[in-house]
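# task: produce atomic coordinates for the following.
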Amino acid sequence: MSSLSSPSVLLTVRGTVIPPDREATRQLHNQTAGSPEGVAAARSLGDLSHNVFTPIPGMPGAEENELLFLDVWKDAQGIGTFFSDEQVQHGANMMFSEREAVVWMPAEGAFGFELSPPMHLTGRYLGVARGPVDDPQTAINVFRKVVEPTISDARRHGQISHQLYVRLPMPDQPAPAEVIGLDLWADARGMGEYYESLSGFEAAFSDAPQTSVWESATGGTWTEW
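Residues are numbered from 1 along each chain as shown. Below is the predicted model:
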């Protein structure tokens, strides 16, 4: 997961996979989205990074047969051009029985941080909180009030970064205002302990948020960039 000081957008793709097991899913991903041709096409249109996450076994919020992509793009126009390609659509239809792709922009004025991970902790784990909001600025303020005072405790538990995004409205797809918070961790146990004691962020949302935890895709090498 990456962050930029200049404007950029985040694409999240979450869906239920068709292949019967993790290995078949990995191979299909690397043959389609992760093929040299696919990577080159995405990069040429502004895809700066692509990371794959799978559910953490036994943890709530995500089903075993789900997959989550996080891509940082230079702009939303490149995303539209890339995914309008028939080959790209065909590859996605082979991978997912159902999926949701959402474009997000960094929440202006939000509290966030990105720290170097400890060298001895090589795992990468992702905490997600997403939901509708009445007012994005109010949500930004709530997250700042909750997260900023706990940054030292979060770091002791292995947190690497915290980022907040607002859903980017699409002209042909009107949607209510939403925000998504993404936390990257180097320690799964520390992440769980921290979240058990975390409260108050729910006030940012107008309805109960969707929360889930993930880990960097396991079971062999997944093509990322």
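# packing partners for the longest helix seen in the chain?
Counting by DSSP state H, the longest helix found in the chain is helix 136-147. The contact analysis (3 or more Cβ pairs under 8 Å, 6 or more residues apart in numbering; DSSP states H and E) places helix 136-147 against strand 159-167, strand 178-185. For the C-beta atoms, the positions are set from N, CA and C on the backbone; glycine is no exception.
# okay if I get those strands as TSV plus distance to Val128, mean neighbour count and mean pLDDT?
TSV is the format used below for those (distance: least, Cβ to Cβ, whole Å; neighbours: other Cβ atoms under 10 Å; pLDDT from 0 to 100):
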stretch	distance to Val128	mean neighbour count	mean pLDDT
strand 159-167	11	22	98
strand 178-185	6	23	98
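# out of the ones you listed, which is closest to Gly123?
strand 178-185 (8.1 Å; Cβ to Cβ).
# now the residue nearest in space to the middle of the chain: how far from Phe83?
Nearest residue to the geometric centre of the chain (Cα atoms, centre = their mean): Leu70, 4.4 Å. Note on Leu70: its distance to Phe83, by Cβ to Cβ, to the nearest Å, is 15 Å.
# quick revisit: what's the first helix or strand after the longest helix of the chain?
Using DSSP states H and E, the helix or strand that follows helix 136-147 in sequence is helix 151-156.
# what's in contact with that following helix?
Applying Cβ atoms under 8 Å, 6 or more residues apart in numbering, the external contacts of helix 151-156 come out as 113, 115, 147, 159, 162, 183, 190, 194.
# quick revisit: angle of the longest helix of the chain against strand 159-167?
170 degrees (axes from the mean of the first three to the mean of the last three Cα atoms, to 10 degrees).
# tell me the domain boundaries of the chain?
With automatic domain parsing serving as the domain definition, the record reports that the chain contains domains spanning 9-105, 107-216.
# between the two ends of the longest one, how far is it?
In other words, domain 107-216. In domain 107-216, first residue to last residue: 24 Å (Cα to Cα, to the nearest Å).
# got any ranges where the protein has weak pLDDT?
1-7, 173-174 (pLDDT under 70).
# the longest strand in it is where?
Ranked by residue count, the top strand of the chain under DSSP state E comes out as strand 96-106.
# that one: how far from the chain's middle?
9 Å (Cα atoms, centre = their mean, to the nearest Å).
# any buried residues in that strand, and which?
For strand 96-106, burial by neighbour count (16 or more other Cβ atoms under 10 Å) applies to 96, 99, 102-106.
# following that strand, which helix or strand comes up?
Immediately after strand 96-106, counting by DSSP H and E, sits strand 113-114.
# which residues sit against that next one?
3, 151, 160-163.
# Glu66: which of the helices and strands packed on helix 136-147 is closest?
Taking Cβ to Cβ, strand 178-185 is the member of these nearest to Glu66, at 16.0 Å.
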